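Peer 1: have a look; sequence and predicted model below, questions after that.
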Amino acid sequence: MSDIDSSGRPWRVIIPPKIARQMRRLQPGEQGRIKGAIDSLRNFPHQGDLRDLKPNPEWRLKVGTRRILFKINKKEHIIGIIRIGSRGDVYK
């Protein structure tokens, strides 16, 4: 993962409104864990259950029973959240 970024500067994480609304519907404890995991992406690459979903241009972060799918824009130094869901639904 060191080929992603070696500058040490934090990444900007973008959460689309649709996903923010979806997060608000989760149980408070689960909301907190997911928000914490998303905040940790600002220091990408970080420790955690993180996987590059090659050949797709997406990455996956596992948070309990949920998965956070995101894309990385290296040039703009942005991480865009594209989906949050349970393991059975998020990859569809």
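Peer 2: Received it, and whenever you're ready, just let me know what you need.
Peer 1: tell me the spacing between Ile72 and Trp59.
Peer 2: Plainly put, Ile72 is 6 Å away from Trp59 if you go by Cβ to Cβ, to the nearest Å. (Glycine included, C-beta is placed from N, CA and C.)
Peer 1: before we move on, what about Val13?
Peer 2: 12 Å.
Peer 1: pLDDT below threshold where in this structure?
Peer 2: 1-7, 46-47 (pLDDT under 70).
Peer 1: let's see that with 80 instead.
Peer 2: 1-8, 44-48 (pLDDT under 80).
Peer 1: and the helices in it?
Peer 2: Counting by DSSP state H, the chain has helices at residues 17-24, 28-40, 87-90.
Peer 1: returning to what we had before: Val13 and Trp59: which has the busier surroundings?
Peer 2: Trp59 (22 against 16; other Cβ atoms under 10 Å).
Peer 1: for that one, give the beta-bridge partners.
Peer 2: As for beta bridges, Trp59 partners with Asp52, Phe70 under DSSP bridges.
Peer 1: what sits against it?
Peer 2: Residues in contact with Trp59 (Cβ atoms under 8 Å, 6 or more residues apart in numbering) are Leu50, Arg51, Asp52, Leu53, Leu69, Phe70, Lys71, Ile72.
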